[in-house]
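*Asks:* sequence plus the predicted model coming up.
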Amino acid sequence: MSAGGDAGGRAGPLELLRRVGAAILGFLEATGKLTVFAITGVSHCVRPPIYFRLIGQQMIDIGYYSLPVVGLTTLFAGMVLALQSYTGFARFSAEGAIPNVVVLSMTRELGPVLAGLMIAGRIGAAMAAELGTMRVTEQIDALETLSTNPFKYLVAPRLIAGITMMPLLVLVGDIIGVFGGYIVSIYKLGFNASAYLQNTWEFLQVQDVTSGLVKAAVFGFLVALMGCYHGYNSRGGAQGVGAATTNSVVSASILILVFNYIITELFFAQ
Amino acid sequence: MTETVTPKIKMTGVRKAFGQKVVLDSFDLEVLPRESVVIIGGSGSGKSVSLKCVLGLLQPDEGTIEIDGVDVGKLSHSDREEVNSRIGMLFQNAALFDSLPVWENVAFGLIQGKQMARNTAKDIAIDKLAQVGLGADVAVLSPAELSGGMRKRVGLARAIAGDPDIIFFDEPTTGLDPIMGHMIDNLIVECVRNVGATALTITHDMPSARRISDRMAMLYKGKNIWQGPTANIDNSGNDFVDQFITGSAEGPITMEVFRP
């Protein structure tokens, strides 16, 4: 017993080191694979043939069918924002800042981030599940045997649709979110409607909107990339597809939050 | 003076390992033009891997694979796609695209690979479906609405849609009842003959292998341990082949079965 314990004690630090090393190597390998996947996918977005029909289908899936989810999310976010701001700002008699807070928060942060997270759950998961199922049922292999590049046929249309449709979704989400704040401010908090709208409009700058739209395009790319990457590389049947779906949503959500900070820093750091 | 025929498919010294597990080990095989060769072997013997290596879905670790005398391992991606355009493949579970109706599955290679007009491709697809005994009414169905036998037949129609030079069949009768299996075998023989293609099939279904092959090769532990005309399979003089075709539990082939 004691000998075993000593051996275990000596092996402990080495085993820990081995595991840390393996984790670092695994992370670097995964990062490298993802980078190669992203570069290959993007390169196929700009090289013919371009599958316009598939791009259109993806655009409808990502843009049109996500409108209710994004609309509801941003509507209630705008409403809550107005309500919370009021309870806080009333302590300093600063209720007049509520239109500014709502519009800035929605366009700069909440619109793109909430829409990104919703799309990661709705579209990223669906992409991973669809491509994962295609992988484990040999449909992706079948594409190759039919002289069709899976990157061009499956990945590129999703990336293009993600990059182009997310800004549109976020633009609509921003408007709905501001409208949510307006409803609460006017009908519950007793603001003057024209003064509220004037404050909103005057305080808003082009950069506030463009930064949100740039974020949206990046988030759209990230969601589509992670959905495609995890689905395309899924292995091992139903369990593998399930894992790909989970990994797609988790990794896209984390990347959205990380890139949100990076882009904010790029746009607004003094 | 005898004329040397260039093999349609030639695998020389092909090795493929996944981690520590060596699946193909110096595997050699030649398939002559218009010949129908069946690779037999037990589950996990490397049959599917050998097919995927020829198709370019897997890269061999060592060895060369030639199609029409060209080393396909050295081809660019576009040249490889050109080679694949002359190949048809029937996957084990048909691998039909769920999102497309049956006719578009059959016509997929024509529309996407050969840039054919959709209407023309649809006409060809319906014609190919008729060749495998399926009516035009099936063309508009979704793959999810088809039975196992129908899926195989649609897969076969897709494999022959482009009038390929080479057709691969991956376990064509797996999961089918004996009568449907026999029908699929007959269709395979008929389609391969009509198209004038070279066929390479992998299966462990011996009645099916006898029906569709001119020649057989047996894969065991990654190596081609016997090959010869189908007529000679019962007199191969190889204990491994004898055990496999009789399905006996006693013999040189041992299964790794855990016994508590």
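*Replies:* Done, it's in.
*Asks:* helix/strand/coil for the residue of the stretch 51-200 of chain A found nearest chain B?
*Replies:* Here the stretch 51-200 of chain A gets closest to chain B at one residue, residue A:147, 3.5 Å apart by CB to the nearest CB. From N, CA and C alone the C-beta is placed, and that goes for glycine too. Of the three states, residue A:147 takes coil under DSSP: H, G, I helix; E, B strand; the rest coil.
*Asks:* quick check: phi and psi at it.
*Replies:* Note on residue A:147: backbone dihedrals following degrees, to the nearest 10 are phi 60, psi 40.
*Asks:* neighbours around the residue lying closest to it once chain neighbours are set aside, how many?
*Replies:* Spatial nearest neighbour of residue A:147, excluding adjacent residues (CB to CB, 6 or more residues apart in numbering or on different chains): residue B:113 at 3.5 Å. Residue B:113 has 19 neighbours, counted by other CB atoms under 10 Å in any protein chain shown.
*Asks:* next one, pLDDT for residue B:113 please.
*Replies:* On the pLDDT scale, residue B:113 is placed at 78.
*Asks:* next one: residue B:25
*Replies:* In this model, residue B:25 is scored at 89, pLDDT.
*Asks:* residue 57: how many residues sit nearby?
*Replies:* In the absence of a named chain, this looks at chain A. Neighbour number of residue A:57 under other CB under 10 Å is 15.
*Asks:* let me rephrase: I mean chain B.
*Replies:* 18.
*Asks:* surely it touches residue A:141?
*Replies:* Yes. Judged on CB atoms under 8 Å, residue B:57 makes contact with residue A:141 at a distance of 5.3 Å.
*Asks:* and the residue of chain B that's closest to chain A?
*Replies:* Relative to chain A, the nearest point of chain B is residue B:113 (3.5 Å; CB to the nearest CB).
*Asks:* quick one, phi psi at that residue?
*Replies:* Dihedral angles (degrees, to the nearest 10) for residue B:113: phi -80, psi -40.
*Asks:* longest helix in chain A, please.
*Replies:* helix A:2-46 (DSSP state H).
*Asks:* elements contacting that helix?
*Replies:* The contact analysis (3 or more CB pairs under 8 Å, 6 or more residues apart in numbering or on different chains; DSSP states H and E) places helix A:2-46 against helix A:156-187, helix A:206-232.
*Asks:* in CSV, list those along with mean pLDDT.
*Replies:* Shown next, in CSV, are the helices and strands packed on helix A:2-46 (pLDDT from 0 to 100):
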stretch, mean pLDDT
helix A:156-187, 94
helix A:206-232, 94
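*Asks:* pull up the residues of chain B that are close to chain A.
*Replies:* Residues of chain B lying close to chain A (CB under 8 Å from any CB of the partner chain) are B:52, B:55-57, B:77, B:81-82, B:84-85, B:87-89, B:91-93, B:95-98, B:108-109, B:112-114, B:158.
*Asks:* from these, keep the buried residues only.
*Replies:* Buried subset of these (neighbour count, 16 or more other CB atoms under 10 Å in any protein chain shown): B:52, B:55-57, B:81, B:84-85, B:87-89, B:91-93, B:95-97, B:108-109, B:112-113, B:158.
*Asks:* once you drop chain neighbours, what's closest to residue B:202?
*Replies:* Per CB to CB, 6+ apart, closest to residue B:202 is residue B:47, 3.8 Å.
*Asks:* from residue B:222, how far out is the one you found?
*Replies:* As judged by CB to CB, to the nearest Å, residue B:47 and residue B:222 stand 10 Å apart.
*Asks:* residues from chain A in reach of chain B?
*Replies:* So chain A meets chain B at A:133-134, A:137-139, A:141-142, A:144-149, A:153 (CB under 8 Å from any CB).
*Asks:* quick one: which two of those residues are the most distant?
*Replies:* A:133 and A:147 (22.1 Å; CB to CB).
*Asks:* now do the strands in chain B.
*Replies:* Remark: strands assigned in chain B by DSSP state E are B:9-18, B:21-31, B:36-40, B:62-67, B:70-71, B:87-90, B:166-170, B:198-203, B:215-220, B:223-229.
*Asks:* out of those, which is the most enclosed?
*Replies:* Of all those, strand B:87-90 has the most neighbours on average by mean count of other CB atoms under 10 Å in any protein chain shown, namely a mean of 28.
*Asks:* which parts of the stretch 51-200 of chain B are helices?
*Replies:* Remark: helices assigned in the stretch 51-200 of chain B by DSSP state H, counting those that start in this stretch are B:77-84, B:102-108, B:118-131, B:136-139, B:148-160, B:178-195.
*Asks:* how distant is the first one from the center of its chain?
*Replies:* Chain-centre distance of helix B:77-84: 19 Å, with CA atoms, centre = their mean, to the nearest Å.
*Asks:* neighbouring contacts of that helix?
*Replies:* A:144, A:145, A:146, A:147, A:149, B:55, B:56, B:67, B:70, B:72, B:75, B:113 (CB atoms under 8 Å, 6 or more residues apart in numbering or on different chains).
*Asks:* hmm, the fourth one is touching residue B:110, no?
*Replies:* Spelled out, that is residue A:147. No. Here residue A:147 does not reach residue B:110: they are 10.2 Å apart, not a contact under CB under 8 Å.
*Asks:* give the contact list for the residue of the stretch 51-200 of chain A closest to chain B.
*Replies:* Residue A:147 neighbours (CB under 8 Å, 6+ apart): B:81, B:82, B:84, B:85, B:109, B:112, B:113, B:114.
*Asks:* 7 Å instead, please
*Replies:* B:81, B:84, B:85, B:109, B:113 (CB atoms under 7 Å, 6 or more residues apart in numbering or on different chains).
*Asks:* cool, residue B:165 as well?
*Replies:* B:86, B:197, B:198.
*Asks:* phi, psi of it?
*Replies:* Given degrees, to the nearest 10, the pair of backbone angles that residue B:165 has is phi -80, psi -30.
*Asks:* residue A:65 too?
*Replies:* Torsion angles, degrees, to the nearest 10, at residue A:65: phi -70, psi -10.
*Asks:* residue B:127: neighbouring residues, count only.
*Replies:* So residue B:127, with other CB under 10 Å, has 13 neighbours.
*Asks:* pLDDT wise, what is it at?
*Replies:* With respect to pLDDT, residue B:127 has a value of 89.
*Asks:* same question for residue B:63.
*Replies:* 91.
*Asks:* again, but for residue A:7
*Replies:* Reported pLDDT for residue A:7: 49.
*Asks:* next one: residue B:48
*Replies:* For residue B:48, pLDDT reads 87.
*Asks:* just checking, it touches residue B:168?
*Replies:* No. The pair residue B:48 / residue B:168 is not scored as a contact, 10.4 Å apart, by CB atoms under 7 Å.
*Asks:* what residue ranges in the stretch 1-150 of chain A score low on pLDDT?
*Replies:* A:1-11 (pLDDT under 70).
*Asks:* contact partners for residue A:61?
*Replies:* residue A:123.
*Asks:* for it, helix, strand, or coil?
*Replies:* Going by three-state DSSP: residue A:61 is helix.
*Asks:* how far away is it from residue A:230?
*Replies:* 18 Å.
*Asks:* if we can go back for a sec, can you put the strands of chain B in TSV and add distance to residue A:97?
*Replies:* Putting the strands of chain B into TSV (distance: least, CB to CB, whole Å) gives the following:
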stretch	distance to residue A:97
strand B:9-18	62
strand B:21-31	66
strand B:36-40	76
strand B:62-67	71
strand B:70-71	72
strand B:87-90	66
strand B:166-170	67
strand B:198-203	72
strand B:215-220	76
strand B:223-229	79
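*Asks:* for residue A:178, find the nearest of these.
*Replies:* Between those, strand B:87-90 lies closest to residue A:178; by CB to CB that is 54.5 Å.
*Asks:* which secondary structure elements does that closest one contact?
*Replies:* helix B:148-160, strand B:166-170 (3 or more CB pairs under 7 Å, 6 or more residues apart in numbering or on different chains; DSSP states H and E).
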